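S.K.: what's the 3D shape of this:
(chains A, B, C and D)
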Protein chains: 2
Amino acid sequence: MACENETAVVLREAGQKVTPQRVHILCEVRHAGVHITASRLIDELRVSHPFIDASTVYRTLASAADLGLVYETDMGSGESEFEWVGKDRHHHLICRSCGDVESLDNSYLDGMATLLYEEAGFQADLGHFAIFGVCKGCQTKA
Amino acid sequence: MACENETAVVLREAGQKVTPQRVHILCEVRHAGVHITASRLIDELRVSHPFIDASTVYRTLASAADLGLVYETDMGSGESEFEWVGKDRHHHLICRSCGDVESLDNSYLDGMATLLYEEAGFQADLGHFAIFGVCKGCQTKA
DNA sequence: GCTGCAGTTGCAACGACTCGCATTTGCAAC
DNA sequence: GTTGCAAATGCGAGTCGTTGCAACTGCAGC
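M.R.: Okay, the predicted model is just below:
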């Protein structure tokens, strides 16, 4: 399976041991294509790889996030959501009234990151943000 | 107690029932002066008001956050931190290397909020943010 | 002051996630 | 192919936080 080989390479390049558990977990995140919660991932892995323990899933996701291989984001559902770090970085605007989730271009946060670096010397991690608020449609309802 | 009266007024003005539990919980948050975790709050209340249940604390904090009376922020400790919404709005820069927490002026995020409104029509809640990254001192160590 | 009702509360159970530890295992060195 | 060791894993216990429900209560109306 190409994905599993690629994932193994990514892990090795990150200086990590390549275990079957990790390969399967991270492949599942890559295959999800969009955000996936830990509990959804655990459910899916329970079917396809029942030998993998839930604590292993949490640890693998946490270390992958530390390594910059996945984004971990609080989208307001009460559970962290995970996404493979791809080429297309983006953020989200989440309406707390209607629950709508919109993609947000990088430039808004990149601009701020640049300022933070130039003015405060701080190198911000702004990989994947969720910004809560009220969308255009819900403002006109009030 | 002035604080309790003020807190009762704030609750009433927010259209909420004024219960002894809520008054005590929110007074404790106001008195904390700085961020306080839910479990720290629960411990303090257990001493001063042992009849208040932990689930009531969580519910009161959640509804106060919804009403905009307190900020709830994930500062990376594994526990949400709460702070009474005061006049002086600020954000934080948190270094993931040394753990240092710096205050951040409003203007960085306010600028972005303005752009989001003007360009996307989105009214962002940017009350109290924690931005993770690497501080100036830890960058030069690498 | 009493009443009724919608909202709040305490309790116990539960969900999402973390931690300690004994055992297993990836992999570098031989 | 074997060995040793540091890291990974499964398991069970635990933490932080949520939820359902019966009982309680703030407060508007009388």
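
S.K.: Just to be sure, A:S103 is in a strand?
M.R.: Yes: assessed by DSSP: H, G, I helix; E, B strand; the rest coil, A:S103 belongs to a strand.

S.K.: need the contact list for it.
M.R.: A:90-93 (CB atoms under 8 Å, 6 or more residues apart in numbering or on different chains). The way it works is simple: take the backbone N, C-alpha and C, and place the C-beta from them, glycine included.

S.K.: For chain A, just list every one of the strands.
M.R.: Secondary structure of chain A (DSSP state E): strands located at A:36-37, A:70-74, A:80-84, A:91-95, A:101-104, A:123-124, A:130-134.

S.K.: picking that back up, most surrounded residue in the contacts of A:S103?
M.R.: The most neighbours of any of those, using other CB atoms under 10 Å in any protein chain shown, belong to A:L93, which has 23 neighbours.

S.K.: can you tell me which residues contact the closest residue to it other than its chain neighbours?
M.R.: With sequence-adjacent residues excluded and distances taken as CB to CB, 6 or more residues apart in numbering or on different chains, A:L93 is closest to A:E102, at 4.5 Å. Counting by CB under 8 Å, 6+ apart, A:E102 touches A:92-95, A:135, B:120, B:122.

S.K.: Repeat that for A:G127.
M.R.: A:G127 sits in contact with A:68, A:71, A:85, A:89, where contact means CB under 8 Å, 6+ apart.

S.K.: again, but for A:L69
M.R.: A:10, A:14, A:26, A:84-85.

S.K.: Can you list phi and psi of it for me?
M.R.: phi -90, psi -30 (degrees, to the nearest 10).

S.K.: By mean pLDDT, point me to the weakest helix or strand of chain A.
M.R.: Using mean pLDDT, DSSP states H and E, helix A:136-141 stands out as the lowest-scoring helix or strand of chain A, at a mean of 81.

S.K.: Could you confirm whether that one reaches chain B?
M.R.: Yes: Helix A:136-141 is in contact with chain B by CB under 8 Å from any CB of the partner chain, via A:136, A:139.

S.K.: Closest to B:H31 out of the contacts of A:G127?
M.R.: The nearest member of the contacts of A:G127 to B:H31, counting by CB to CB, is A:Y71 at 37.1 Å.

S.K.: Would you point out which residue is most central in chain A?
M.R.: A:Y71 (2.7 Å; CA atoms, centre = their mean).

S.K.: Show me what from chain A comes close to chain B.
M.R.: Contacts of chain A with chain B, taken as CB under 8 Å from any CB, map to A:74, A:93, A:95-96, A:102, A:104, A:108-109, A:111-112, A:115-116, A:120-126, A:131-136, A:139.

S.K.: Out of those, which end up buried?
M.R.: When neighbours are counted using 16 or more other CB atoms under 10 Å in any protein chain shown, these contain these buried positions: A:93, A:95, A:104, A:108-109, A:112, A:115-116, A:120, A:122-124, A:126, A:131-135.

S.K.: and A:P50, how many residues sit next to it?
M.R.: Neighbours around A:P50, by other CB under 10 Å: 8.

S.K.: In contact with the closest residue to A:T56 other than its chain neighbours, which residues?
M.R.: Sequence neighbours aside, A:Q21 is the residue nearest to A:T56 in space, at 5.3 Å (criterion: CB to CB, 6+ apart). When contacts are counted by CB under 8 Å, 6+ apart, A:Q21 touches A:49, A:52, A:56, A:60.

S.K.: just the buried members of those residues?
M.R.: Buried among the contacts of A:Q21 (16+ other CB under 10 Å): A:52, A:56, A:60.

S.K.: DNA strand D contacts on chain A?
M.R.: A:16-17, A:19, A:21-22, A:51-53, A:55-56, A:59-60, A:63, A:78 (CB under 7 Å from any atom of the strand).

S.K.: which one of these has the most neighbours?
M.R.: Of the residues of chain A next to DNA strand D, with other CB under 10 Å as the count, A:T60 tops at 24 neighbours.
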